[in-house]
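Undergrad: with the sequence up front, the predicted model follows.
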Amino acid sequence: MGWNRLYSLKSYVKSSLWLVPFLALLLYILAIRMVYLFDRWLIWIEPWPWGVAGSQRLLETIITMTLTFVVFTFGSLLVAIQIAGGQLTPRIIATTLLRDNAIRFTVGLFIFTLLFATGALARLETDVRHAVVGIAGFLGFLSIAAFLYLIDYAARLLRPVSIIARVSEEGRAAIEDVYPAMATDETDAAPAKLRPDKKPDKVIVYQGRPAIIVAVNKRALLMQAEKTQSVVELVPRIGDFVASGEPLFRLYGTLLPEEDVLKKMIAFGPERTLEQDATFAFRIIVDIAIKALSKAINDPTTAVLAIDQLQRLLCFVGKRSLRGEAIFNSSGELRVICRTPNWDDFVKLTFSEIRLYGTENFQIARRLRAVLEYGLQVLPEFRRPALEMEMALLDRRLAETYDFPEDLELAKMADTQGLGGSKSPNA
């Protein structure tokens with residue numbers, strides 16, 4: 001199995017809700033036989049005062065209860081996913097909700113308990129196996145506790161602040177993976193000259209269904225380029241849409257890597273993911289913010305919560321070296337070109353759309369200014385020009401939006417809460 005297929009399989013396993021309940025089914029088949037096999041050694045569960053009739057009623061109650069839990073959980077989860085996707089953004093469904101292990105393992109417990117109680121009831125004869133019934137009773141009690149926990153957990157998970165914070169955490173991890181080194185000097189801000197000064201010796205085009213590049217095995221690309229003493233340039237960026245016939249690789253050198261080998265190092269998918277896409281977390285959070293600012297929803301406070309996390313991510317990426325697109329071998333020779341977003345990309349993605357849709361709201365205007373002022377204070381000097389440009393654009397937008405001088409003055413005050421204080425804490 002190639003790296004791309006293995007990566008796609010891992011991503012599917014992580015985002016599939018049905019796999020854990022299916023594993024619970026397989027575990028039940030093994031567990032029910034093991035329990036009946038070692039029933040006589042489970043002395044510690046023997047002294048339960050249940051007869052045949054009592055055991056039957058207990059098992060029937062557990063079956064009915066867990067079946068109700070399963071139906072309620074799946075039904076409410078589908079409704080909650082649709083509501084959260086509509087109120088926030090559909091991007092959170094695959095990237096956040098379906099990957100939540102608490103939901104998956106709770107449903108797995110319900111399925112296992114349901115099957116175990118059903119199996120025990122089917123084997124219930126004139127002689128009661130107290131150990132088996134006791135284990136079923138314990139699983140039923142555990143399912144009740146898990147169901148109560150799941151209701152509380154889901155209510156907390158589906159809050160906008162929880163979703164945004166989770167996306168921010170995953171985005172931070174992606175930034176660390178894509179940009180492992182810290183920024184050191186102003187050379188990080190200068191554009192790098194990547195392409196060799198000649199035409200490519202070979203161009204590999206993409207053949208297949210239209211898809212999005214979700215991940216790249218950079219280490220394997222470097223090994224292939226080093227093995228053939230060539231330069232491998234990945235034309236699209238991670239997160240780009242690629243259609244059949246579009247260029248995928250440009251190769252420079254005499255002895256070139258095999259086309260099939262290179263294609264196996266690129267993972268494709270139907271939509272962007274958070275693993276290696278450094279800007280996708282920004283994209284999701286910005287989508288949540290601008291949807292909250294729409295006239296239909298009109299929830300600027302949720303947009304402020306989104307800007308809080310954007311400030312965290314922007315300051316985090318601003319302190320890192322953003323020149324990881326050129327990969328060199330141990331001798332310092334260029335071997336792989338894999339383009340990544342630069343500082344201007346992150347700044348524009350953070351501010352442009354929110355400024356366009358939100359500056360007519362005092363909360364958003366003040367919170368954006370607070371982000372810019374904070375970034376100008378804590379980020380390196382060579383990151384300032386892009387932030388200063390955004391500050392100028394914000395001022396111009398505010399001047400066009402507010403007719404009254406008093407409103408304009410209010411909107412120009414930096415405020416970390418939107419409308420929580422008259423001045424910035426650093427003013």
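TA: The structure has been received and is ready for your questions.
Undergrad: can you pull the contacts of the residue nearest the centre of the chain?
TA: Centre of the chain computed as the mean C-alpha position; nearest residue by Cα atoms, centre = their mean is residue 95, 4.1 Å away. Residue 95 sits next to 167, 170, 273, 274, 280, 284 when contact means Cβ atoms under 8 Å, 6 or more residues apart in numbering. Heads up, the C-betas are built off the backbone N, CA and C, glycines and all.
Undergrad: for the fifth one, which non-adjacent residue is spatially closest?
TA: Closest residue in space to residue 280, ignoring its immediate chain neighbours: residue 272 at 4.8 Å, by Cβ to Cβ, 6 or more residues apart in numbering.
Undergrad: quick one: secondary structure of that neighbour?
TA: In three-state terms, and counting by DSSP: H, G, I helix; E, B strand; the rest coil, residue 272 is coil.
Undergrad: same check on residue 348?
TA: Assignment for residue 348 (three-state DSSP): helix.
Undergrad: helices and strands around the lowest-mean-pLDDT helix or strand in the chain, which ones?
TA: None of the helices or strands of the chain scores lower by mean pLDDT, DSSP states H and E than helix 91-92, at a mean of 80. Helix 91-92 makes packing contacts with helix 280-292 when contacts are defined by 3 or more Cβ pairs under 8 Å, 6 or more residues apart in numbering; DSSP states H and E.
Undergrad: quick one, what contacts residue 204?
TA: Counting by Cβ under 8 Å, 6+ apart, residue 204 touches 247, 248, 249, 250, 251, 259, 262, 263.
Undergrad: mind telling me what element it is part of?
TA: Using DSSP states H and E, residue 204 maps to strand 202-205.
Undergrad: how far does that strand sit from its chain's centre?
TA: Centre-to-centre, strand 202-205 and its host chain are 32 Å apart (Cα atoms, centre = their mean, to the nearest Å).
Undergrad: next: stretch 205-221.
TA: 20 Å.
Undergrad: give the buried residues for that stretch.
TA: Buried positions in stretch 205-221, judged by neighbour count with 16 or more other Cβ atoms under 10 Å: 206, 211, 212, 213, 214, 215, 216, 217, 218, 221.
Undergrad: now the helices for the stretch 151-300 of the chain?
TA: Using DSSP state H, counting those that start in this stretch, the helices found in the stretch 151-300 of the chain span residues 160-178, 218-228, 259-263, 280-292, 300-318.
Undergrad: which residues touch the least confident helix or strand of the chain?
TA: 84, 85, 163, 167, 271, 272, 283, 284, 287, 288.
Undergrad: the second one is in what secondary structure piece?
TA: The secondary structure element spanning residue 85 is helix 52-87 (assigned by DSSP H and E).
Undergrad: just the buried subset of the contacts of helix 91-92, please.
TA: 84, 163, 167, 272, 283, 284, 287, 288.
Undergrad: got these as a markdown table, with pLDDT and distance to residue 145 columns?
TA: Output for the buried ones among the contacts of helix 91-92, formatted as a markdown table (pLDDT from 0 to 100; distance: Cβ to Cβ, whole Å):
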| residue | pLDDT | distance to residue 145 |
| --- | --- | --- |
| 84 | 75 | 25 |
| 163 | 90 | 25 |
| 167 | 92 | 29 |
| 272 | 90 | 37 |
| 283 | 95 | 38 |
| 284 | 94 | 33 |
| 287 | 94 | 36 |
| 288 | 94 | 33 |
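Undergrad: which one of those residues is nearest residue 371?
TA: Using Cβ to Cβ, residue 288 comes nearest to residue 371 of the buried ones among the contacts of helix 91-92, at 15.8 Å.
Undergrad: contacting residues around that closest one?
TA: With Cβ under 8 Å, 6+ apart, residue 288 has these contacts: 88, 89, 92, 160, 163, 164, 302, 303, 306.
Undergrad: now do 10 Å
TA: Contacts for residue 288 (Cβ atoms under 10 Å, 6 or more residues apart in numbering) come out as 87-89, 91-92, 160, 163-164, 167, 299, 302-303, 305-306, 309.
Undergrad: likewise for residue 213?
TA: Residue 213 makes contact with 206, 234-242, 248, 266-269, 272, 276-277, according to Cβ under 10 Å, 6+ apart.
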